[in-house]
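>>> Just to be clear, the model below is a prediction. Sequence and coordinates:
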Amino acid sequence: MNYWLMKSEPSAFSIDDLKSMPNRTEHWDGVRNYQARNMMRDTMKVGDRAFFYHSNCKVPGIVGLMEVVREGYPDHTAFEPDSKYFDEKSDPNNPRWYMVDIKYLRHTRRVISLAEIKDHASLENMPLVRKGNRLSIMPVSKNEWDFILSLEDRPER
DNA sequence: GCCAACGTTGGC
DNA sequence: GCCAACGTTGGC
């Protein structure tokens, strides 16, 4: 099983939005970065787990857990002229952008903030805390996954 | 293939 | 709102 971290701005799509969807499931559309695209298209598998990360907000951090329930398939919003994710260069016969379907599992018992993640030496290799990294989807090692989950029941600092 | 200009991301 | 860092674009 692979582990991931997926960013979303809560003002656009939050973990509560995901939880409120039918079957608590939604497609993760709008990713327009090739590295992230490749991971969704080639690497993410049904059953993989992912952290839901709130970015560009008051307290950026990990807010919940999700599960991949459908593997990479073409992101149809790229073909819709009215979508904010429209990309005229994405040809339906040779789609440029892919997405996966993701299901809400639960909120973390508290927000694991970016500031806290930065404080732990065992998490220093996460792309999330590397300078200038802008990947919206990134792999998480099993050790990092387990360590972050262990933070949940430590008192908030 | 280089690189300047531009747009976006995202923390602060 | 600011701005550093990065990816993309397009002229040459």
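Right, received. Where do you want to start?

>>> near DNA strand C at all, the helix or strand hosting A:Gln35?
Element membership for A:Gln35 (DSSP states H and E) is helix A:34-38. Yes - among the residues of helix A:34-38, A:Tyr34 lie within reach of DNA strand C under Cβ under 7 Å from any atom of the strand. In short, each C-beta sits where N, CA and C put it, glycine included.

>>> What mean pLDDT does that helix get?
Helix A:34-38 shows a mean pLDDT of 93.

>>> buried stuff in it?
For helix A:34-38, the neighbour count (16 or more other Cβ atoms under 10 Å) marks A:Ala36, A:Arg37 as buried.

>>> Does anything pack onto it? Which helices or strands?
The criterion is 3 or more Cβ pairs under 8 Å, 6 or more residues apart in numbering; DSSP states H and E, and there are no helices or strands that helix A:34-38 contacts.

>>> Any chance you could list what contacts that helix?
Residues outside helix A:34-38 that contact it (Cβ atoms under 8 Å, 6 or more residues apart in numbering) are A:Val31, A:Arg96, A:Trp97, A:Tyr98, A:Leu135, A:Ser136, A:Ile137, A:Met138.

>>> so the fifth one makes contact with A:Asn33?
Yes - in this structure A:Leu135 lies within contact range of A:Asn33 using Cβ atoms under 8 Å: 6.9 Å.

>>> Would you indicate which residues of stretch A:42-62 are buried?
A:Met44, A:Asp48, A:Arg49, A:Ala50, A:Phe51, A:Phe52, A:Tyr53, A:His54, A:Ser55, A:Pro60, A:Gly61, A:Ile62.

>>> and A:Glu116, that one's in a strand?
No - the secondary structure assignment for A:Glu116 gives helix rather than a strand, going by DSSP: H, G, I helix; E, B strand; the rest coil.

>>> how many neighbours does it have?
19 (other Cβ atoms under 10 Å).
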